[in-house]
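Peer 1: based on what follows, work out the 3D shape:
(2 chains)
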Amino acid sequence: DQQVKQNSPSLSVQEGRISILNCDYTNSMFDYFLWYKKYPAEGPTFLISISSIKDKNEDGRFTVFLNKSAKHLSLHIVPSQPGDSAVYFCAASEGNANAGKSTFGDGTTLTVKP
Amino acid sequence: KAGVTQTPRYLIKTRGQQVTLSCSPISGHRSVSWYQQTPGQGLQFLFEYFSETQRNKGNFPGRFSGRQFSNSRSEMNVSTLELGDSALYLCASSLGGTGAEAFFGQGTRLTVV
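Peer 2: Take a look at the predicted model:
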């Protein structure tokens, strides 16, 4: 039973346009959600996070939206740049004691075309 | 500030052997988590150590074990290696609290032949 799902394995967008990456979860105990970006041959790097008490968090070109009732979150990148091309992972964790245990989705490969 | 260091970067082992991977977290970080990534898969959680104690454990067989030392450095051991253990093993360190950002190392690429 996969508790965090990224249903789109890949996404291709034109430079300057918006990229929207989606993530669904099933565990209602998740209370913290994170997005990571991964380039080939490197470990994931943290991008942005959101607590379950919020529905939106913004950091520069990156915005994460959380819809708790739908158990859905999305990452918006505006405007998209070629350097954003990478694999994006959605992750979720529950509670302070489980903070070090994140459940990851399978990732979405974003390609931004010049 | 030095990042998370994993050694070795690459490893080739024979089926049936055992292997030990090492992770040095960011200074001050008390939580170290280990993940396995196989081709086309997301990151599968192995276990997390916090202040030398295993705080969380994923759904992996007992062949996978780990430990954490007083300086927060962590080791992961896999015994009786199987071909399916070939993967990228990633270590992440964090301060350990809710919402604490995890910093990943570059990983150890293990190939079992």
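
Peer 1: list the residues that contact residue 81.
Peer 2: In the absence of a named chain, this looks at chain A. A:Gln81 is in contact with A:Glu15, A:Arg61, A:Val112, counting by C-beta atoms under 8 Å, 6 or more residues apart in numbering or on different chains. To be clear about C-beta, it is placed using only N, CA and C from the backbone, and glycine gets the same treatment.

Peer 1: you looked at the wrong chain, it should be chain B
Peer 2: Neighbouring residues of B:Leu81 by C-beta under 8 Å, 6+ apart: B:Lys13, B:Thr14, B:Arg15, B:Gly16, B:Gln17, B:Gln18, B:Val19, B:Val112.

Peer 1: repeat that for B:Arg73.
Peer 2: Contacts for B:Arg73 were tallied using C-beta under 8 Å, 6+ apart; they are B:Ser22, B:Cys23, B:Ser24, B:Pro25, B:Val32.

Peer 1: which among the residues you listed count as buried?
Peer 2: The neighbour count (16 or more other C-beta atoms under 10 Å in any protein chain shown) marks B:Cys23, B:Ser24, B:Pro25, B:Val32 as buried among these.

Peer 1: just for chain B, where's the confidence low?
Peer 2: B:1, B:98-99 (pLDDT under 70).

Peer 1: point me to the residue of it nearest chain A.
Peer 2: Here chain B gets closest to chain A at one residue, B:Phe104, 3.2 Å apart by C-beta to the nearest C-beta.

Peer 1: for that residue, give me its contacts.
Peer 2: A:Tyr36, A:Gly43, A:Pro44, A:Thr45, B:Val4, B:Leu90, B:Cys91, B:Ala92.

Peer 1: now the fourth one, nearest residue through space, not along the chain?
Peer 2: The spatially closest residue to A:Thr45, leaving aside those adjacent along the chain, is A:Lys37, at 5.5 Å (C-beta to C-beta, 6 or more residues apart in numbering or on different chains).

Peer 1: distance of that neighbour from B:Thr53?
Peer 2: Separation of A:Lys37 from B:Thr53 (C-beta to C-beta, to the nearest Å): 31 Å.

Peer 1: tell me which of those two has more neighbours.
Peer 2: Remark: of A:Lys37 and B:Thr53, A:Lys37 carries more neighbours, 21 against 9, as counted by other C-beta atoms under 10 Å in any protein chain shown.

Peer 1: the residue nearest to A:Thr45 touches A:Ala86, doesn't it?
Peer 2: Yes - if you go by C-beta atoms under 8 Å, A:Lys37 and A:Ala86 touch, sitting 4.7 Å apart.
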